[in-house]
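# missing the sequence, but the structure's below:
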């Protein structure tokens, strides 16, 4: 069975030591990704990185992902991890919907990550969800904010949490 990414724009993660060597959005080196920085054209570099881990239940060993042990004692292929960088800086502002916070909220929701109970990142409310019923393939998405100010970060978390609580309240009222 082969595991494949969900989206053609996802890139397979390569093993590297430490954090990013350069900004994955503007490709500048030696910048702090947690603090805002500007590109060469003067626009701020604000983006969301969406990580997705594709795995099957056979790959779960002691509650963690690992390569499954084959009958001959060797290990099979492990989970596939991909990432996608979503740029949240609009090229031109034509209305109130063209701002980095709105674009980040849309990217988080598109990635099926709408839950952040006390975390700095966003993830799926069940942790992972079933992608393929036949093979048992699952996806575990998470979305991480980079380059946003503390006020923007707090506003994004507030909006995502408010929508999440309204969704569950609506389900309870319908039942």
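Alright, I've got the coordinates. Not measured: the values here are computed from a predicted model. Residues are numbered from 1 along each chain as shown.
# Can you tell me the SS state at the residue of the chain positioned farthest from its centre?
Here the chain reaches farthest from its C-alpha mean at residue 72, the gap being 35.8 Å by C-alpha atoms, centre = their mean. Put simply, residue 72 is coil when judged by DSSP: H, G, I helix; E, B strand; the rest coil.
# dump the residue contacts of it.
In this structure, residue 72 makes contact with no residue, judged by C-beta atoms under 8 Å, 6 or more residues apart in numbering. C-beta coordinates here come from the backbone N, C-alpha and C atoms, glycine included.
# For the longest helix along the chain, buried residues please.
Longest helix of the chain, by residue count under DSSP state H: helix 150-174. Neighbour counts using 16 or more other C-beta atoms under 10 Å place 152, 153, 156, 157, 159, 160, 164 of helix 150-174 among the buried residues.
# Check stretch 52-61 too.
52, 53, 54, 55, 56, 59.
# Tabulate the residues you listed in CSV, adding columns for secondary structure and pLDDT.
Formatted as CSV, these follow (DSSP: H, G, I helix; E, B strand; the rest coil; pLDDT from 0 to 100):
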residue, secondary structure, pLDDT
52, strand, 88
53, strand, 84
54, strand, 85
55, strand, 81
56, coil, 78
59, helix, 70
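# related to what we said a few turns ago, any idea of the mean pLDDT for the longest helix of the chain?
Averaging the model's pLDDT scores along helix 150-174 yields 80.
# again, but for stretch 129-142
83.
# Identify the residues contacting that stretch?
For stretch 129-142, contacts defined as C-beta under 8 Å, 6+ apart pick out 1, 3, 6, 50-58, 111-113, 121-124, 127-128.
# Cool, thanks, talk later.
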